[in-house]
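Visitor: when you get a sec, could you give me coordinates for this:
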Amino acid sequence: MVTETRKSSISVRREDVSLTDEDIVKRYIGLDKFPCVICSPLREDDDTPSMSFFYHSNRLLWKDFGTGDSGSIVTLMAKLWNVTYSEALLKIKLDNERKIPRESLIRRYKGHVHLTSNR
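Guide: The predicted structure follows:
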């Protein structure tokens, strides 16, 4: 119980994480060109590209057209890891501080990236 209390009391803000949204997606999902559409990593049954990464007001966002879910990149990572937003931020921050190689963090997802346009 003590561990859970300590874990939930740690507060990390987005400003505390030095990685950009693009860096986070590249580091954990392996994408580096945006906007794009991929098979959703949130749904194992997704065989057709249905998750879009796009810019809105100079922010990289995502939308899963199969479920209607969308949000910030940290929100996506929280969903993928089944943790809270704050826990996802903390993981991203600690991974970056520990200089864990990208190759050991990246999670490959089925489906090909389809660029929708160049940025």
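Visitor: so which strand or helix has L60?
Guide: strand 59-64 (DSSP states H and E).
Visitor: hmm, who's touching that strand?
Guide: 21-22, 25, 34, 40, 42-43, 50-55, 69-73, 76 (CB atoms under 8 Å, 6 or more residues apart in numbering). No exception for glycine: its C-beta is placed from N, CA and C like everyone else's.
Visitor: now the helices: where do they sit in the protein?
Guide: With DSSP state H as the criterion, the chain has helices at 2-9, 21-28, 73-81, 85-97, 102-105.
Visitor: mind putting the ones you listed in JSON lines, mean neighbour count and mean pLDDT included?
Guide: Shown next, in JSON lines, are the helices of the chain (neighbours: other CB atoms under 10 Å; pLDDT from 0 to 100):
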{"stretch": "helix 2-9", "mean neighbour count": "9", "mean pLDDT": "46"}
{"stretch": "helix 21-28", "mean neighbour count": "19", "mean pLDDT": "93"}
{"stretch": "helix 73-81", "mean neighbour count": "19", "mean pLDDT": "95"}
{"stretch": "helix 85-97", "mean neighbour count": "18", "mean pLDDT": "92"}
{"stretch": "helix 102-105", "mean neighbour count": "10", "mean pLDDT": "71"}
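Visitor: mind listing what's buried along the strand holding L60?
Guide: Within strand 59-64, the residues that qualify as buried are 60-64, counting by 16 or more other CB atoms under 10 Å.
Visitor: what pairs with that strand, and is each one parallel or antiparallel?
Guide: Using DSSP bridges, the strands paired with strand 59-64 are strand 51-56 (antiparallel), strand 70-72 (antiparallel).
Visitor: closest one to V17 among the ones you listed?
Guide: Proximity to V17 (CB to CB) singles out strand 70-72 among the strands paired with strand 59-64, at 11.7 Å.
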